[in-house]
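Asks: Predicted model and sequence follow; I will ask about them next.
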Amino acid sequence: MIAQRMMQWLLALFAASTVMMTPAAHAGIIFDSDKLPPIGGKYVGGGDEFHQFFRFLTLGGLIVEVTEPIHGSFIDITREYLTPGLTPFDPGYMERETFSSSVSFRVAVGGTPFPVFTDSTVSVVTKITLESVDISSGTRHFINQIEQLVVDGMLDGMTIDLREDPNRESKGETTITPSGDGRWVINSFFDVFTELSINGSDFVPSLDKGRVHLVPEPATLTFVAGALGLLAVTGLSRRRGTASGRRPAGAYPGDAAPARL
């Protein structure tokens, strides 16, 4: 009986986690502060929303797949106000945040999946800019962009360097709405273009962008709407640092897609 209840609980938890990762469930999260990045939240890309492929011609056409990024535990946040005289409630207001965080993701190399562990001793700077573009009914609407993101780690004895593509803009949107009880409802996402390097090779750009959405950390779990669930994290590591593409049919003729986790 205990085993049966445990299985039912795990199935329900998995279903809730799956619903949480769908676009329809990204209905906003309640936070105690309207400051960004939101403490108690993290950015996650799952399923078809974040599925990036890289082809290394210098390594015999090796195909590498990156999935399931998780970016959270934001600390050491500094803010630079770029529009003197304007407040966050004024259209045209801009600010830049630099912070430390934790990052994890999964990689499949030539069809073999691996979790990637990053080195907690390496300092990485994340920079994100926000621009206020609209305020209506108390809701602030921002266009946000990742200016810098670099993550490096080890993969089965190989060095892996993943960074935001400096040649393509990784933009997104954020809305902040008063919840009516002194707290704030925040919706946020980024469409991220990345580049990948293996063992010091030249950086190879991703075939397409990947989308990451703001979700609550397990300790928060407060949705305005949508299902609650926990996300199993593989290879989560502490980093100092500053994150829907799907491989189209025939993108790499004759190549089999790497195995997915």
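Replies: Perfect, thanks for sending it. Quick caveat: nothing in here was measured; it's all calculated off a predicted structure.
Asks: Against which helices or strands is the host helix or strand of residue 197 packed?
Replies: Taking DSSP states H and E as the criterion, residue 197 maps to strand 194-198. Judged by 3 or more C-beta pairs under 8 Å, 6 or more residues apart in numbering; DSSP states H and E, strand 194-198 is in contact with strand 51-56, strand 62-81, strand 158-164, strand 204-205. (Each C-beta comes from the backbone N, C-alpha and C, glycine too.)
Asks: right, so the ones you listed: which one is the most enclosed?
Replies: strand 51-56 (a mean of 21; mean count of other C-beta atoms under 10 Å).
Asks: Give me the distance between the residue lying closest to residue 135 once chain neighbours are set aside and residue 186.
Replies: Leaving out its chain neighbours, the residue that sits closest to residue 135 by C-beta to C-beta, 6 or more residues apart in numbering is residue 89, at 6.1 Å. Distance, residue 89 to residue 186, by C-beta to C-beta, to the nearest Å: 15 Å.
Asks: I'd like the helices and strands packed on strand 194-198 laid out as a markdown table, including mean pLDDT and distance to residue 198.
Replies: A markdown table is the format used below for the helices and strands packed on strand 194-198 (pLDDT from 0 to 100; distance: least, C-beta to C-beta, whole Å):
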| stretch | mean pLDDT | distance to residue 198 |
| --- | --- | --- |
| strand 51-56 | 92 | 7 |
| strand 62-81 | 89 | 7 |
| strand 158-164 | 87 | 6 |
| strand 204-205 | 96 | 9 |
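Asks: Those: which one's closest to residue 33?
Replies: Among the helices and strands packed on strand 194-198, strand 62-81 comes nearest to residue 33, with 11.0 Å by C-beta to C-beta.
Asks: For residue 89 and residue 186, indicate the residue with more neighbours.
Replies: The residue with more neighbours, out of residue 89 and residue 186, is residue 186; 24 against 10, by other C-beta atoms under 10 Å.
Asks: Could you tell me which residues make contact with that one?
Replies: Taking C-beta atoms under 8 Å, 6 or more residues apart in numbering, we find residue 186 in contact with 28, 29, 31, 34, 36, 38, 41, 174, 175, 176, 177, 214.
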